[in-house]
Each structure stands twice: as C-alpha cells, then as structure tokens.
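In: Generate a structure from the sequence data that follows.
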Amino acid sequence: MATGKSTAGRLVAQREGVPFVDLDALVEQRAGSSVARIFHERGEAAFRALEREELGQLLDAGQSQVVALGGGALTRRAARLDALDRSVVVLLEAPVGEILRRARIHGGRPLLDVPDPADRIAELLEQRRGGYLEAHARVATGGVEPAAVAEQVAEVWRRDPVAVAAGDRSYAVDFGHGSAAARAAELVQGASMALLVTDSNVAPLHAAPVEQALAAALPTVERVVLDAGEQHKNIQALQRIWQAALAAGADRSSVLVAVGGGVVSDVAGFAAATWMRGIRWVAAPTTLLAMVDASVGGKTAVDLDSGKNLVGAFWQPRGVICDMATLATEPERGYVGALAEIVKTALIGDPELFSLLEANAAAVLGRDPDLLAQLVRRSVRVKARVVGLDERESGLRATLNLGHTVGHALEAQGGYTRLTHGEAVSLGLVAALAIGQELGQTPAALVERTVELLGSLGLPASLEGEPLAEAAGLVGYDKKRSGDRLRFIVVRDVGRVEAVDLPVEGLRERVRRLG
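Out: Got it, this is the predicted structure:
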C-alpha cells in the first residue's frame, strides 16, 4: 500500500494508450460501499473475496489495461500464480517511513487504523514478503519521480517476460532479438565481477557482445570456454569453472553468466550453486533446447558415466534471456532434436501448442521466426507454471520428466554421443506412450497421433533397432527412483499426464519388450 501504484498506473496507461483500472474502486462500486466501510462492517475476508472476484474478471477479459492492485490483492498464492501467468505483475516498493507519510496524506487505510501504524506497516511487509517477491519485476519508488517509476513499469510491460515464481528466488524469462548483451548487463548490476562461461562452439558466435556489455558494467570479466558436447558435461568441466573463479578472485558477490546450450547452462548453474556455497548466475541460452528446458527451473547438474544429471543442485538463476537471434546459428541436428522437448511440453500442459505443432510442422522446421518465438514462449510458460507449483520436484514437477526415464537411459547407453538429448527424449516419449498404452493409461489414438507428429518434425519415432536391452539396465539410475520403485510419467490425454508408481525390475522388463 501507498507505494504510488495508482499514480504510476495512470501514467503508464496514458503512455501506452490503454485503460486504467483501480481495483479498490471496482470493489467499492460493486459493493456500494467504501473499502474502509467493507472492512469495518464485513471484515477483511469479505473484502478479499470481492477483490479476487473482480481481479479474476479483469484477467478473463484479456484486454490490454493497467490495473492498480491493493497491497493485499495477491497474498493468496493461487491468485498470485494466476496473475503471474496471465499478466505482467510489477511490485512497487518504498521504505516504511515513505509508506507511512503517503498513507497519512491520502488516508483510507483500514489496516493502518492501529496505535502504531509504522510497526503495522513493517509487520505487513514481513508477512507478505514471500508473495511480494513473486513478480515479474520490482521497482523502487522512494524518492523517485512518478514519471521515472512509470517508465520503468512500462519498460517491463513492453518486454512482456514470463515469471518463474519461487519466493525470494523468483526471476523473469525475457524474450527478444539481439537482446542478450544489454539485458545481461542489467542483470549483473552490483556484482563485484563476472565469470562468463561458454563453450568452444558458442564462443566465436555469441560470447563477444555479452562479454563487452559485461565489461562496460563491471570492473572485471573473465571468460571460461568449456569443451562442447554432452560427453563433456562432467566433474572435470565443473572443476575448470571453479579453478577459473579462484584465479579471478571471485567472491560471494560475483556473478556467473552462462552463454550457451543446455550443457553450459547445467554446468555453469551447478558451479554457481557450489562456488562459495552459492553465487548469482544469469542464463543466456543460445540453443532451442536450452531455451525451452535447461535454462528455466533451476535444475543444474553434471553427468556420470552410468547416468545423466545424477550430481546437481536446485539453484535458480537471477534471470534468463532468450535471444531468438542466436537460434539462426544452431546446427540442424540440435535444433530438430530440441523440438522433442516442445512436443513433451505440449503433452504435459498445452493442447494448443500440440495442435500448433501439428498444423505447422514445415514452418517449424523452416525456423519461421514468429512461430518459433511463440513455441519458445509457450514452452517456457508451461514450465514456469509447473515450477511455481513445485520448485523442488516433490510432486507435480516430476511430470516434466515425461519421456526422460527411457530417453536418458538410451542417451547414457550411447555414451552421450550416439544420440543428442532431444533425439533420446523423442525415443523416450515413444517408449512412455507405448508403456502407458500397455498399462491401460494412454489411448492408442494418442500414441499414433504423437508418433506421427514426432516423425513430421524429423525426430526419431521408432524404437526398432534401439539397444533397449542394454538401456533397460540403466533405467534404475533415474532420479525418480525410490528404493525398488520408480515414478514413471504416463500420458492420459494431451495436456493431462500423471505419475504412476512402478517396480524398477518390472519397468526394465517392459522396456526390453519394446524392442
């Protein structure tokens, strides 16, 4: 409350030529009573119920508009996640003293009708802190002119990022064309130095502009170039980053910037999680697979010979920058392989995305820029929703591993060189669909439809000739295993998946039979 939302909101609406809505005013109009009176006569719970209903109607309208929310409008997490998914949420912040000064000027704050309003403000800020941090951006308003606040808010709205809600670890995923360098420089502000991690394929293509932007923003920038390829996603790569950090004098206020594909994101993120027990990092994915999978969600890891991603940590980035221009340089095999992750994402939570892929396979393969931007955004949006509900994979997030159980086993069996990750996931999806059908969970028509889609996108869609007997022995190394049982993800319909609990040995036998 009293951070200047109405003032800034009106200015943003004027700049952008859209309507401005004050949610409190809508509630008052509907109730035929002032906010203070509603609180006094009906209580805060009744006010919040009216507030949620009005906000829901505004979001349902799908209209471009600026809405000033009450300070407690998004304290319920379900309402907050819905708003984050369907709008751009900007938090305005101010010191307690400034909030108190503004509240006294404007009045009408029933929550501050107490003997010590300053203490009450501090108490409310502490109670709501976790929720307030789940926003697309935060803008300080104390001592800042309203016009400057409005410009910062409008800039966030124009960027239209996707928010990943994770409490004080929340961040935004940005999309643009040629935007990585400038945005990276913004995200590292305040760091003591930066360590830019890339690989031998990406370094000559995309590292220099980001490095130059970082050098203009920070006193020291060091570059670490890893060997390219999944077979190099190991402890040795991690050690190279640690040693470079040590040589550069990286401390706890340093930042690590990952510029590259999924391997770079995974290894660099793990290095950030472990250096000095955790430092900030920024992901600037340069491949389709990294944009829709590895860079979002905070899963960081390295591989062991017998299993993929067995050693790692959950460590959310400070921000993610999807610069669509970098996809023009991605080799065909890697690009096509990444489409398997988009198909997987559609099966998990976006039927419209699945239909979009079916109807536009040729344009997808042709890398149509507008279509590609839509595919990436929709995929990130699904993953952000899932991560917001289950950051640490205690339940729902396991569904993101659809196709990974058998896919990772085939990938490891081939020494991480025979198949790309995307190719392995495509075969893993075929296996998951077949096993789901055998279990009576997956309709035969959906199996046929998905296999046809994978094939139309140039992905491997047949398990014939695959070394399933050897791969079956590696299934037990899946991270979803608990004792002698494993959570296996099956598809019931497009947009509807769930985990079933299977004995590891029984699953191995099912995998062998697929051949």
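
In: all strands for the stretch 301-450 of the chain, in order.
Out: Assigned by DSSP state E, counting those that start in this stretch, the stretch 301-450 of the chain shows strands spanning 307-314, 319-323.

In: out of those, which comes closest to Gln437?
Out: strand 307-314 (25.3 Å; Cβ to Cβ). For the C-beta atoms, the positions are set from N, CA and C on the backbone; glycine is no exception.

In: returning to that earlier point: most tightly surrounded among the strands of the stretch 301-450 of the chain?
Out: Among the strands of the stretch 301-450 of the chain, strand 319-323 has the highest mean neighbour count (mean count of other Cβ atoms under 10 Å), at a mean of 27.

In: what residues does that strand touch?
Out: Outside strand 319-323, the residues within contact range by Cβ atoms under 8 Å, 6 or more residues apart in numbering are 164, 171-180, 183-184, 187, 282-286, 291, 295-296, 376, 380.

In: Torsion angles phi and psi at Ala499?
Out: Main-chain torsions, Ala499, degrees, to the nearest 10: phi -90, psi 140.

In: nearest spatial neighbour of it, skipping sequence neighbours?
Out: Nearest non-adjacent residue to Ala499, counting by Cβ to Cβ, 6 or more residues apart in numbering: Arg487, 4.2 Å away.

In: quick one: the one you found and Thr420, what's the gap?
Out: Going from Arg487 to Thr420 by Cβ to Cβ, to the nearest Å gives 25 Å.

In: Which residue ranges of the stretch 151-300 of the chain form helices?
Out: Using DSSP state H, counting those that start in this stretch, the helices found in the stretch 151-300 of the chain span residues 180-187, 208-217, 235-248, 262-274, 288-289.

In: likewise the stretch 301-450 of the chain?
Out: 332-349, 351-359, 361-365, 369-389, 404-413, 421-438, 444-456.

In: possible to save the ones you listed as TSV with mean neighbour count and distance to Ser192?
Out: As requested, these are arranged in TSV below (neighbours: other Cβ atoms under 10 Å; distance: least, Cβ to Cβ, whole Å):
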stretch	mean neighbour count	distance to Ser192
helix 332-349	24	35
helix 351-359	17	41
helix 361-365	15	43
helix 369-389	20	29
helix 404-413	27	37
helix 421-438	25	34
helix 444-456	16	47
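
In: For those, give me TSV that also has distance to Ala215 and mean pLDDT.
Out: Output for these, formatted as TSV (distance: least, Cβ to Cβ, whole Å; pLDDT from 0 to 100):
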stretch	distance to Ala215	mean pLDDT
helix 332-349	29	97
helix 351-359	39	98
helix 361-365	37	97
helix 369-389	28	95
helix 404-413	37	93
helix 421-438	32	97
helix 444-456	43	98
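
In: So which of these is nearest Leu111?
Out: When those are compared by Cβ to Cβ, helix 369-389 sits nearest Leu111, at 26.9 Å.

In: Need phi/psi at the residue located most distally from the centre of the chain.
Out: Relative to the C-alpha centroid of the chain, counting by Cα atoms, centre = their mean, Pro115 is the outermost residue, at 43.0 Å. Dihedral angles of Pro115 (phi, psi; degrees, to the nearest 10) stand at phi -60, psi -40.

In: from here on, count from 503
Out: Fine by me, first position is 503 from now on; the one you just mentioned is Pro617.

In: Relative to Thr922, how far out is it?
Out: 66 Å.

In: now Arg631
Out: For Arg631, the distance to Thr922 equals 42 Å [Cβ to Cβ].

In: the more surrounded of the two?
Out: For Arg631 versus Thr922, neighbours defined as other Cβ atoms under 10 Å are more numerous around Thr922 (23 against 11).

In: Name only those of the contacts of strand 821-825 that count as buried.
Out: Buried residues within these, counting neighbours by 16 or more other Cβ atoms under 10 Å: 666, 673-678, 681-682, 685-686, 689, 784-788, 793, 797-798, 878, 882.

In: Could I get the contacting residues of Asp795?
Out: Gly764, Ala840, Glu843, Lys885.

In: Need the pLDDT of Gly609.
Out: On the pLDDT scale, Gly609 is placed at 71.

In: these two touch, right, His708 and Val761?
Out: Yes: His708 is within contact range of Val761, at 5.9 Å (criterion: Cβ atoms under 8 Å).

In: Tell me the residues that contact both of these two, please.
Out: Ala682, Thr700, Ala786, Thr788.

In: circling back to that earlier point, for Val523, find the nearest of the strands of the stretch 803-952 of the chain.
Out: strand 821-825 (28.7 Å).

In: Listing partners with orientation, what would you give for the closest one?
Out: Applying DSSP bridges, strand 821-825 is found paired with strand 673-678 (parallel), strand 782-787 (parallel).

In: Out of those, the one nearest Val927 is which?
Out: Smallest distance to Val927 across those (Cβ to Cβ): 16.6 Å, for strand 782-787.

In: What's the end-to-end length of stretch 607-626?
Out: Using Cα to Cα, to the nearest Å, one end of stretch 607-626 lies 19 Å from the other.

In: buried set for that stretch?
Out: Arg611, Leu613, Leu614, Pro619, Arg622, Ile623, Leu626.

In: of those, closest to Ala746?
Out: Closest approach between the buried residues of stretch 607-626 and Ala746, by Cβ to Cβ: Leu626, at 44.4 Å.

In: From Phe990, how far out is the closest one?
Out: Separation of Leu626 from Phe990 (Cβ to Cβ) stands at 45 Å.

In: and what of Gly1017?
Out: With distances taken as Cβ to Cβ, Gly1017 is found 18 Å from Phe990.

In: which of the two has more neighbours?
Out: Between Gly1017 and Phe990, Phe990 has the larger neighbour count (other Cβ under 10 Å), namely 28 against 14.

In: picking up where we left off before, do you know which of the helices of the stretch 803-952 of the chain lies nearest Thr643?
Out: The closest of these to Thr643 is helix 871-891. By Cβ to Cβ, the value is 26.0 Å.

In: which strands and helices sit next to the closest one?
Out: Packed against helix 871-891, as judged by 3 or more Cβ pairs under 8 Å, 6 or more residues apart in numbering; DSSP states H and E, are the following elements: helix 579-588, strand 664-666, strand 673-678, helix 834-851, helix 853-861, helix 863-867.

In: Please convert those to a markdown table, extending it with distance to Glu724.
Out: As requested, these are exported to a markdown table (distance: least, Cβ to Cβ, whole Å):
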| stretch | distance to Glu724 |
| --- | --- |
| helix 579-588 | 35 |
| strand 664-666 | 28 |
| strand 673-678 | 23 |
| helix 834-851 | 27 |
| helix 853-861 | 39 |
| helix 863-867 | 38 |
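
In: Out of these, flag the one nearest Ala974.
Out: Taking the helices and strands packed on helix 871-891 one by one with Cβ to Cβ, helix 834-851 is closest: 20.5 Å.

In: Got the phi and psi for Glu595?
Out: In this entry, Glu595 is assigned phi and psi values of phi -120, psi 150 (degrees, to the nearest 10).
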